[in-house]
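[1] please find the sequence and the predicted model below.
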Amino acid sequence: IAGITQAPTSQILAAGRRMTLRCTQDMRHNAMYWYRQDLGLGLRLIHYSNTAGTTGKGEVPDGYSVSRANTDDFPLTLASAVPSQTSVYFCASSDIPSSYNEQFFGPGTRLTVL
Amino acid sequence: AQRVTQPEKLLSVFKGAPVELKCNYSYSGSPELFWYVQYSRQRLQLLLRHISRESIKGFTADLNKGETSFHLKKPFAQEEDSAMYYCALRNRDDKIIFGKGTRLHILP
């Protein structure tokens, strides 16, 4: 069992290019999330999905889009990357409703936009 | 407003000394609070949650509703405790709100 996987591990991207970060979980969790982690700002929620077929905006959604065609996959797309999107991106999942609501995190994708 | 505040960006503690990572929250209603940890080159993972009243790796955290705090404590720091620690709150929409994190550095 892999849990949550993310691809790529790291990427250097030219500004203006389109990029999709992949996230796959095999735990059959209902909910999935995308965060960005920046020094001094902690983890900020970009987009989320409570169940397949639905998505919602988090704290910092601008410049990003997501889709949730099935339970396992939750790709994050940067339509036209900008340098301010340089960050480490974490995908997470959780089984809701749940009295614990623990979120399980992927290993992260380090993205550099030049 | 729903907010989690970790006032310290960096905390350096000598090995064997007590550790306290501060966390304050702002939330109307009964909060559900967590501590997550990220060790070097590892993914973020849950350390403990207040409803379990558990001690994990020697760490404990008590919810103080009067002071709206959920400080993380350990009586004797170990070198392997060096990591990034995030306090987090679950809101009514089942979203996790994270603090900005505190980097704990254990000095030999």
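    Received it, and whenever you're ready, just let me know what you need.
[2] over in chain A, which residue gets nearest chain B? Let me know.
    A:Gly42 (3.7 Å; C-beta to the nearest C-beta). Heads up, the C-betas are built off the backbone N, CA and C, glycines and all.
[3] quick check: pLDDT value at the residue nearest to the spatial centre of chain A.
    With distances taken as C-alpha atoms, centre = their mean, the residue of chain A nearest its centroid is A:Trp34 (2.8 Å). Per-residue confidence (pLDDT) for A:Trp34: 97.
[4] ok, back up a step: residues contacting the residue of chain A closest to chain B?
    For A:Gly42, the contact set (C-beta atoms under 8 Å, 6 or more residues apart in numbering or on different chains) comprises B:Gln6, B:Tyr86, B:Phe98, B:Gly99, B:Lys100, B:Gly101.
[5] for it, name its beta-bridge partners.
    On the basis of DSSP bridges, A:Gly42 is bridged to A:Asp38.
[6] neighbours of the closest residue to A:Met19 other than its chain neighbours, how many?
    Nearest residue to A:Met19, sequence neighbours excluded (C-beta to C-beta, 6 or more residues apart in numbering or on different chains): A:Leu78, at 4.7 Å. Look at A:Leu78: counted by other C-beta atoms under 10 Å in any protein chain shown, it has 19 neighbours.
[7] pull the contacting residues for A:Leu78.
    Contacts for A:Leu78 (C-beta under 8 Å, 6+ apart) come out as A:Leu13, A:Arg18, A:Met19, A:Thr20, A:Leu21, A:Gly63, A:Tyr64, A:Gln85.
[8] JSON lines for those residues, including pLDDT?
    JSON lines is the format used below for those (pLDDT from 0 to 100):
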{"residue": "A:Leu13", "pLDDT": "95"}
{"residue": "A:Arg18", "pLDDT": "97"}
{"residue": "A:Met19", "pLDDT": "97"}
{"residue": "A:Thr20", "pLDDT": "98"}
{"residue": "A:Leu21", "pLDDT": "98"}
{"residue": "A:Gly63", "pLDDT": "97"}
{"residue": "A:Tyr64", "pLDDT": "98"}
{"residue": "A:Gln85", "pLDDT": "98"}
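[9] need the residues you listed in JSON lines with secondary structure, distance to B:Gln38 and neighbour count, can you?
    Converted to JSON lines, those look like this (DSSP: H, G, I helix; E, B strand; the rest coil; distance: C-beta to C-beta, whole Å; neighbours: other C-beta atoms under 10 Å in any protein chain shown):
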{"residue": "A:Leu13", "secondary structure": "strand", "distance to B:Gln38": "24", "neighbour count": "17"}
{"residue": "A:Arg18", "secondary structure": "coil", "distance to B:Gln38": "29", "neighbour count": "10"}
{"residue": "A:Met19", "secondary structure": "strand", "distance to B:Gln38": "24", "neighbour count": "18"}
{"residue": "A:Thr20", "secondary structure": "strand", "distance to B:Gln38": "25", "neighbour count": "13"}
{"residue": "A:Leu21", "secondary structure": "strand", "distance to B:Gln38": "19", "neighbour count": "23"}
{"residue": "A:Gly63", "secondary structure": "coil", "distance to B:Gln38": "25", "neighbour count": "14"}
{"residue": "A:Tyr64", "secondary structure": "strand", "distance to B:Gln38": "22", "neighbour count": "19"}
{"residue": "A:Gln85", "secondary structure": "helix", "distance to B:Gln38": "21", "neighbour count": "20"}
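[10] B:Ser12: which of the residues you listed is nearest?
    Nearest to B:Ser12, judged by C-beta to C-beta, of the contacts of A:Leu78 is A:Gln85 at 31.8 Å.
[11] thank you kindly, that will do.
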